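In: prediction below, plus the sequence it came from.
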Amino acid sequence: MLKIISGAQTGVDRGALDAALENKVSCGGWVPEGRKAEDGVIAEIYPVRVLAGAGYSQRTRKNVQDSDGTVIIYYGMLSGGTEKTLRYCQDENKPCLLLDALEVMPERAAVRIMTFLSGLEGETLNFAGPRASGEQRAYGYTKEVVNKFIKMYKHVTA
């Protein structure tokens, strides 16, 4: 069964979770102690779990570990926590799909996620990428991509 997880940070993480919630797809993920994000405390509408004593890096690694694969959305080049996510995928020997939002239109991105998912052993996808303060377009792009992906997934698995 499809499950979408993320660290619930602003930007990519929330775009993925909001699309999952709107489409009634199982979702969750690990968040830092205090449910903290750049815009304050992560709202209770997000069914995420607090990783005791952890900050952003630890929750990022835990979400990589708990997923079957990670979709990394970025803009031109990887940096900061997005780049760290790729390193965690490599360290943990976990599959990842890199999507450059400047190059891949949402419809094509959704198709690439479907193809990626078909090669995984399970159906838990971790979504990672820039927070809103680093890339204003991250939330909207991700939400559109994940909405399109979920529609494709539901059509194929119906």
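Out: Yep, it's here.

In: all helices of the chain, in order?
Out: Ranges of helices within the chain are 12-22, 56-65, 80-91, 106-118, 138-157, based on DSSP state H.

In: in the third one, what's buried?
Out: It refers to helix 80-91. For helix 80-91, the neighbour count (16 or more other C-beta atoms under 10 Å) marks 81, 82, 84, 85, 86, 88, 89 as buried. Using the backbone N, CA and C atoms, a C-beta is placed for each residue, glycine as well.

In: so it versus helix 56-65, what angle?
Out: Comparing the axes of helix 80-91 and helix 56-65 via axes from the mean of the first three to the mean of the last three C-alpha atoms, to 10 degrees yields an angle of 40 degrees.

In: give me the contacts around helix 80-91.
Out: Residues from elsewhere that reach helix 80-91 (C-beta atoms under 8 Å, 6 or more residues apart in numbering): 9, 56-57, 60-61, 64, 70, 72, 74, 78, 94-96, 98, 128-131, 134.

In: just the buried residues of the residues you listed.
Out: Buried among those (16+ other C-beta under 10 Å): 9, 56, 60-61, 64, 70, 72, 74, 78, 94, 96, 98, 128-131, 134.

In: other residues contacting stretch 45-52?
Out: With contact meaning C-beta under 8 Å, 6+ apart, stretch 45-52 is reached by 7-8, 14, 17, 21, 27-35, 42, 58-59, 62.

In: ends of it, what's the gap?
Out: End-to-end distance of stretch 45-52 (C-alpha to C-alpha, to the nearest Å): 20 Å.

In: mean confidence for it?
Out: Averaging pLDDT along stretch 45-52 gives 97.

In: can you give the distance from that stretch to the centre of its chain?
Out: 14 Å (C-alpha atoms, centre = their mean, to the nearest Å).
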